[in-house]
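Peer 1: structural data only, the sequence is not supplied:
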DNA sequence: CTCGTTTTGTTCTCCCGTTCACAAACTCCT
DNA sequence: AGGAGTTTGTGAACGGGAGAACAAAACGAG
């Protein structure tokens, strides 16, 4: 109930309220859509316009935004710049996030070169690889170092987020080392289920799983056609 | 009720029943876990063991498997090989799936080289890129061709699945061309919302969105600490 | 100032997915 | 053959998210 929270002296914009996971997962999409609108010179947009740009239902969009606070104006819409900043702040991408990437195969290189990271506050402070043959190579302006430097680098830069782009067999070891030296968020591209302590967040991206899901639906289409 | 379906003459294994999306998304994980168990020489496993290997709750695992049919034995567990085959068949990875990849940057190359595709029935029949400079390069044993060859290749090989690994600005055009020549499933790595006809399935993988979600939680940890 | 129009913020309802808990079914041992 | 122990398959309760629908708020015209 709206009243209950009002009585406590907190507004609905209080950012200590926790936001549903499903909403958190969509905020970066809204952020991207707003950035695009901003670049096109749009100063104001309605929930309907933004919803179309983000590929979601407008009611869902409004509900999502309402978890952050009341940043719109009824009868008018949202100020693109203002809303963009509010979402960025809520997600945390107004900060600087030092990141280490372990495993410099094609995927690791793709990640190191990805401009979408830098533009959102993620700064690749180190590229690490166990293979000495890759040592001293420079990728995306960052020198490839020995994996054993992990602890020192994490300590020096205050790294909280690690990216694993190694083969599956190495991934658990890398994760263990990361956890041991204080990393609390891991983005895992290796096709394996990592086991880590509860307080560590792991998100996984598995390229082949996505294709398999498509294959399932494709097979269904073929069967019913 | 178990009896009700028996009365209709259909067994619970009837594969024309449609499987919940959430379950479909987990089947590839089970498949991978079973493959690992099989390689380790495990002949039989309980739902609990498999659940641990897949990183899910055992009750959820059993319910997921029950949508496929009754492939377990009470008091014993599941035959690893048999269950693995049943899941593979249900997903469709016992078939051969020709795939085209468009955009041969680092990411495209990583995809082309990814062994997890080939081992699950996905065969990269063509690598396409708009940049003439990349033409005739050979990546993962496949020659890079002009994007304009798309229609012919899709026709020749009966390609149903396309992968987009281009920069964002090119992605919508690529998607349109894919749809026009009959591709009905698209895996999109470009950070943009694609618009396609309803009957076309699109799954997106956005590297920076995953990092942003981690950043959000990381920020929360820091705030409450 | 008042009325009509637009668009947000929120409530309400429905549906999907998760989890618990247990009966049914199978094995093994005596 | 029978009973003890194990594990599956599923009914039922629960929680969270999606979408429709509406009241509240802002703006503009007259």
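Peer 2: Arrived safely. Computed from a predicted structure; not experimentally measured.

Peer 1: burial count for residue A:179?
Peer 2: Neighbouring residues of residue A:179 were enumerated by other C-beta atoms under 10 Å in any protein chain shown; the total is 19. (C-beta placed from N, C-alpha, C; glycine too.)

Peer 1: also residue A:67?
Peer 2: The number of residues packed around residue A:67, counting by other C-beta under 10 Å, is 17.

Peer 1: which residue is the nearest non-sequential neighbour of it?
Peer 2: On the basis of C-beta to C-beta, 6 or more residues apart in numbering or on different chains, the spatially nearest residue to residue A:67 that is not a chain neighbour turns out to be residue A:19, at 4.7 Å.

Peer 1: residue A:94: what secondary structure?
Peer 2: Going by DSSP: H, G, I helix; E, B strand; the rest coil, the secondary structure assigned to residue A:94 is coil.

Peer 1: residue A:36 reaches residue A:50, doesn't it?
Peer 2: No - under the criterion of C-beta atoms under 8 Å, residue A:36 is not in contact with residue A:50, lying 10.3 Å apart.

Peer 1: check what pLDDT the residue nearest to residue A:67 gets.
Peer 2: According to the per-residue confidence, residue A:19 scores 96 in pLDDT.

Peer 1: follow-up on the earlier one: residue A:36 and residue A:50: which has the busier surroundings?
Peer 2: residue A:50 (24 against 16).

Peer 1: helix or strand right after the lowest-mean-pLDDT helix or strand in chain A?
Peer 2: Taking mean pLDDT, DSSP states H and E as the measure, the helices and strands of chain A show their lowest mean at helix A:2-7, namely a mean of 30. Per DSSP states H and E, helix A:2-7 leads on to helix A:21-39 as the next helix or strand towards the C-terminus.

Peer 1: check which residues of that following helix are buried.
Peer 2: Using 16 or more other C-beta atoms under 10 Å in any protein chain shown as the burial criterion, the residues of helix A:21-39 that qualify are A:23-37.

Peer 1: which one of these is nearest residue A:108?
Peer 2: Closest to residue A:108 out of the buried residues of helix A:21-39 is residue A:28 (21.7 Å), distances taken as C-beta to C-beta.

Peer 1: wait, that closest one touches residue B:209, no?
Peer 2: Yes - using C-beta under 8 Å, residue A:28 and residue B:209 qualify as a contacting pair, with a distance of 4.3 Å.

Peer 1: okay, strands next: where are they in chain A?
Peer 2: Taking DSSP state E as the criterion, chain A contains strands spanning A:44-45, A:72-73, A:77-79, A:97-102, A:122-129, A:138-139, A:142-146, A:161-164, A:185-188, A:201-204.

Peer 1: what residues does chain A have near DNA strand C?
Peer 2: Neighbours of DNA strand C within chain A, by C-beta under 7 Å from any atom of the strand: A:1-2, A:12, A:45-48, A:58-59, A:62-63, A:65-66, A:70-78.

Peer 1: what does chain A put close to DNA strand D?
Peer 2: A:20-23, A:56-57, A:59-60, A:62-63, A:73-76.

Peer 1: still on that earlier bit, counting neighbours, what do you get for the residue nearest to residue A:67?
Peer 2: Here the count is done by other C-beta under 10 Å, and residue A:19 has 16 residues near it.

Peer 1: tell me who's in contact with it.
Peer 2: For residue A:19, the contacting residues are A:27, A:67-68, A:90, by C-beta atoms under 8 Å, 6 or more residues apart in numbering or on different chains.

Peer 1: could you do residue A:213 as well?
Peer 2: For residue A:213, the contacting residues are B:24-25, B:28, B:203, by C-beta under 8 Å, 6+ apart.

Peer 1: now for those, which pair is the farthest apart?
Peer 2: B:28 and B:203 (12.1 Å).

Peer 1: the spatially most central residue of chain A and chain B, how far apart?
Peer 2: Nearest to the mean C-alpha position of chain A, counting by C-alpha atoms, centre = their mean, stands residue A:28 at 7.3 Å. Applying C-beta to the nearest C-beta, to the nearest Å, the value for residue A:28 to chain B is 4 Å.

Peer 1: tell me the domain ranges of chain A?
Peer 2: The record assigns chain A these domain ranges, following automatic domain parsing: A:13-90, A:97-208.

Peer 1: does any part of the last one sit near chain B?
Peer 2: Yes - for domain A:97-208, a contact with chain B is found by C-beta under 8 Å from any C-beta of the partner chain, at A:97, A:99, A:105-107, A:109-111, A:113-114, A:116-117, A:120-122, A:160-161, A:163, A:184-187, A:191-193, A:195, A:199, A:201, A:203, A:205-208.
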